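**Q** Sequence and predicted structure are below.
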Amino acid sequence: MAETDASPELRAHLKQEICRLVDGLSQDLVRISHEIHAHPELAFEEHRASALLVETLDKAGLAVERGAYGLETAFVSQFGPEGAPQIALLAEYDALPEIGHACGHNLIATAAIGAGLALHGLGASLPGRVRLLGTPAEEHGCGKELMVREGALDGVDAALMIHPSGVNLVSMPCICMAELEVAYRGRAAHAAAMPERGVNALDALVTAYQAVAQLRQHIRRDERVHGIIREGGEAPNVVPERASGSFYVRAETAERLERLKERVAGCFRAGAAATGAELDLDWGPADYLNLRANAPLETAFRENAEALGREFLPMEALPTGVTGSTDMGNVSQRVPSIHPMLAAAPPHVTIHHPDFAEHAGSPSGDACALDGAKALAMTAIDFFCDGELRNRAQRTFDAGGG
């Protein structure tokens, strides 16, 4: 990384300019957020959101590559002086089935785009290089990992994003996760007249589901297995010839996740053995990895957000066991990264609840996106201008085995 130190006065000036630029963009940014919020799209299907964000960058004069790093709804835009320290800003924009933007990804996308546009607006005064990444499929499919494998982080020194929440936190406790699709193939028969001719695929899945429930008694407190039955037959008087489900398996580390995945797979093999149904086990294309905190970058972000009036809840105040998973964890295993949470809703409203979706399209959500844009861009300025911050961030990353 090039050594690009700047005086405190210059850094303060650049941050003031960042805030002025975001304020000037605020109407457009809120419009973008609300449009994405009003048209939720699932993982890998975010065509409308991706097109809207690309169009916004095009109008601002940024060169944009569509379909970047192997994903149709991904994009990348890069600008800033070659050879300077480089940060990546990550935008998410996929939604959840049925409950839309109950994770607030419209706010994540808006904050990243706002930060990118503000940094680009500095023109020749920009002291570093920016890679603005549109990253599909966070809720399902581990899109960032797929992009990283294709070079999305090549040459990047640090990665930044925000996530909405009910409270302000410097990070989000996140563990590893594997996605699993299961399907059983049996044999249909008349359930009353000739049940002996059938092979009940639903029985296989229910047996496996119960086995998973029993397994939960004997796993670690920081491990999770949960899922749903998607198919269970067509009519009560027909032996179900197909049954399917979706499951998530979570553990604190990649090594523990692999061990737990094998135990869970054993539960599903037991369902097949008990009924004679054929089993298809399909693990996702990539596992979500645990999020590695980077304290120097988190401190810089917190101080910038506090300057905007945000107050942060200490991480130790979180209830025991509160955790999630994100493909930003995969990014954090490659480069120094932050994934702070900014309040977009009251503390009692949690993400992945329909009430949170309402707040993600409200004035409190708008404030989260705009503050997020400012704090991300100001943190980028700190990273560009402070060689010691860059060194501390890298040392922290290296000490964690990065």
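**A** Here it is on my side, so go on.

**Q** Contacts only, for E278.
**A** Y184, R185, G186, A272 (CB atoms under 8 Å, 6 or more residues apart in numbering). Yep, even glycine has a C-beta here, placed from its N, CA and C like the rest.

**Q** do that again at 10 Å, thanks
**A** Listed by CB atoms under 10 Å, 6 or more residues apart in numbering, the contact partners of E278 are A183, Y184, R185, G186, R187, V199, A201, A204, A272.

**Q** Which pLDDT value does the model give it?
**A** At E278, the model reports a pLDDT of 98.

**Q** phi, psi of it?
**A** phi -90, psi 140 (degrees, to the nearest 10).

**Q** can you pull out the strands in the stretch 101-250 of the chain?
**A** 129-134, 158-160, 163-165, 176-185, 224-231, 242-251 (DSSP state E, counting those that start in this stretch).

**Q** So which elements touch the longest helix belonging to the chain?
**A** If you go by DSSP state H, the chain has its longest helix at helix 8-38. Secondary-structure packing of helix 8-38 (3 or more CB pairs under 10 Å, 6 or more residues apart in numbering; DSSP states H and E): helix 47-59, helix 105-121, helix 295-307, helix 354-360, helix 363-385.

**Q** Return the set of buried residues in the first one.
**A** When you say that, I think you mean helix 47-59. For helix 47-59, a neighbour-count test (16 or more other CB atoms under 10 Å) marks R48, A49, S50, L52, L53, V54, T56, L57 as buried.

**Q** Just the CA trace of that helix, in PDB.
**A** What follows is helix 47-59 as a C-alpha-only set of coordinates in PDB (Å, rounded to 0.1, in the frame of the first residue of the first chain):
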ATOM      1  CA  HIS A  47     -32.400  -7.300 -12.000                       C
ATOM      2  CA  ARG A  48     -34.400  -4.100 -11.300                       C
ATOM      3  CA  ALA A  49     -32.300  -3.100  -8.300                       C
ATOM      4  CA  SER A  50     -29.100  -3.700 -10.100                       C
ATOM      5  CA  ALA A  51     -30.200  -1.800 -13.100                       C
ATOM      6  CA  LEU A  52     -31.300   1.200 -11.000                       C
ATOM      7  CA  LEU A  53     -28.000   1.300  -9.200                       C
ATOM      8  CA  VAL A  54     -26.000   1.000 -12.400                       C
ATOM      9  CA  GLU A  55     -28.100   3.700 -14.000                       C
ATOM     10  CA  THR A  56     -27.400   6.000 -11.100                       C
ATOM     11  CA  LEU A  57     -23.600   5.500 -11.400                       C
ATOM     12  CA  ASP A  58     -23.800   5.900 -15.200                       C
ATOM     13  CA  LYS A  59     -25.500   9.300 -14.800                       C
END
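
**Q** what's the angle from it to strand 129-134?
**A** Between helix 47-59 and strand 129-134, the angle comes out at 150 degrees (axes from the mean of the first three to the mean of the last three CA atoms, to 10 degrees).

**Q** Tell me what angle helix 47-59 forms with helix 105-121.
**A** Going by the same axes, to 10 degrees, helix 47-59 makes 10 degrees with helix 105-121.

**Q** Give the next helix or strand downstream of helix 47-59.
**A** Downstream of helix 47-59, the first helix or strand assigned by DSSP states H and E is strand 65-66.

**Q** Let me see the residues that make contact with that following strand.
**A** So strand 65-66 is contacted by S50, A51, V54, E72, T73, A74, F75, V76, S77, Q78, G134 (CB under 10 Å, 6+ apart).

**Q** from what I can see H163 touches A360, true?
**A** No. The criterion here is CB atoms under 10 Å, and H163 misses it with A360 at 11.3 Å.

**Q** any common contacting residues for the two?
**A** C103, G104, H105, L107, I108, A344, I351, C368.

**Q** Just put those in JSON lines and tack on distance to L126.
**A** Shown next, in JSON lines, are these (distance: CB to CB, whole Å):
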{"residue": "C103", "distance to L126": "31"}
{"residue": "G104", "distance to L126": "28"}
{"residue": "H105", "distance to L126": "27"}
{"residue": "L107", "distance to L126": "24"}
{"residue": "I108", "distance to L126": "23"}
{"residue": "A344", "distance to L126": "28"}
{"residue": "I351", "distance to L126": "33"}
{"residue": "C368", "distance to L126": "25"}
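
**Q** dump the residue contacts of the closest residue to I36 other than its chain neighbours.
**A** Closest residue to I36 apart from its sequence neighbours, by CB to CB, 6 or more residues apart in numbering: N106 at 3.9 Å. Going by CB under 10 Å, 6+ apart, N106 touches 32-40, 49, 92-93, 95, 100, 164, 357, 360-361, 365, 369.

**Q** In ChimeraX, how would I select just the buried ones from those?
**A** Applying 16+ other CB under 10 Å to the contacts of N106, the buried members can be selected in ChimeraX as follows:
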select :32,33,34,36,37,39,40,49,92,93,95,100,164,357,360,361,365,369
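
**Q** can you tell me the distance between the two ends of stretch 75-85?
**A** 21 Å (CA to CA, to the nearest Å).

**Q** For it, buried residues please.
**A** Buried-residue list, stretch 75-85, by 16+ other CB under 10 Å: F75, V76, S77, Q78, F79, G80, A84, P85.

**Q** could these go into TSV alongside distance to A178, secondary structure and pLDDT?
**A** Below are the buried residues of stretch 75-85 laid out as TSV (distance: CB to CB, whole Å; DSSP: H, G, I helix; E, B strand; the rest coil; pLDDT from 0 to 100):
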residue	distance to A178	secondary structure	pLDDT
F75	27	strand	98
V76	27	strand	98
S77	32	strand	98
Q78	32	strand	98
F79	36	strand	98
G80	37	coil	97
A84	38	coil	97
P85	34	coil	98
